[in-house]
Each structure stands twice: as C-alpha cells, then as structure tokens.
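K.L.:
the amino acid sequence is not available; the structure is as follows:
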C-alpha cells in the first residue's frame with residue numbers, strides 16, 4: 001500500500017462521521033500497520049482501535065503482539081499487556 005493510501009486511511013479516521021466509520025477506519029489503520037510490519041506504530045494503532053471501542057479479532061491481536069515483542073523495550077511490552085487486559089475486559093463485559 002502506498003503512502004497515499006495510508007494518508008487516505010488517516011483522513012478517513014479523522015473525518016469519520018459516526019462511530020461505525022471511526023471503528024472501521026481504526027481497524028483499517030491497524031491492519032495497514034500490521035501488513036507493513038510496523039512494530040511501535042502497530043501498538044499505537046491497537047491502542048487507538050481499543051479506545052474507539054473496537055475489539056480486534058484474535059488474528060490482528062496476535063500479529064500485533066508478534067511484532068511488538070520483537071522490540072526490546074519493557075515499556076512497550078507493558079503497554080501491550082495493558083491493552084490485552086483492556087481487551088479481555090471488553091470481551092468479558094460484551095459476553096455478559
């Protein structure tokens with residue numbers, strides 16, 4: 001995907017008219033970063049998606065974790081752990 005495509009994804013996120021569009025744009029940005037193998041940016045995109053109320057599917061979460069765990073930064077690992085706990089809580093409350 002070109003830089004222009006990434007720019008359009010960011011514009012779609014920023015210009016989302018409703019919650020559904022914002023969630024879809026957040027997932028698209030996350031998957032774009034995952035596809036390109038961005039380690040730290042994928043984590044940031046995961047944070048954004050979860051803060052928008054998206055519960056990313058297991059495949060996206062595992063792909064992000066695989067990338068993030070290649071970074072030798074305990075702070076980054078702690079952020080991933082926190083996001084995993086948030087996601088588990090989201091899924092638990094949605095199941096109840």
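P.N.:
Noted; the coordinates are in hand. Quick caveat, the model's predicted, so the values are computed rather than measured.
K.L.:
now the one helix or strand residue 33 maps to: buried residues?
P.N.:
Using DSSP states H and E, residue 33 maps to helix 19-36. Neighbour-count burial for helix 19-36 flags 22-34 (criterion: 16 or more other C-beta atoms under 10 Å). All C-beta spots, glycine's among them, are computed from the backbone N, C-alpha and C.
K.L.:
again, but for stretch 4-11
P.N.:
Quick answer for stretch 4-11 (16+ other C-beta under 10 Å): residue 9.
K.L.:
and if you look at stretch 52-62?
P.N.:
In stretch 52-62, counting by 16+ other C-beta under 10 Å, buried: 52, 54, 55, 56, 60, 61.
K.L.:
dump the residue contacts of the third one.
P.N.:
What it means is residue 55. Residues counted as contacts of residue 55 (C-beta atoms under 8 Å, 6 or more residues apart in numbering) are 87, 90, 91, 94.
K.L.:
neighbour-wise, which of those leads?
P.N.:
residue 87 (18 neighbours; other C-beta atoms under 10 Å).
K.L.:
wait, that one sits on residue 50?
P.N.:
Yes. Residue 87 is within contact range of residue 50, at 6.1 Å (criterion: C-beta atoms under 8 Å).
K.L.:
shared neighbours of those two, anything?
P.N.:
Common neighbours of residue 87 and residue 50 (C-beta under 8 Å, 6+ apart) are residue 56.
K.L.:
what does the one helix or strand residue 8 maps to contact?
P.N.:
Element membership for residue 8 (DSSP H and E) is helix 3-14. Defining contact as C-beta under 8 Å, 6+ apart, one finds that helix 3-14 is touched by 21, 22, 25, 26, 28, 29, 32.
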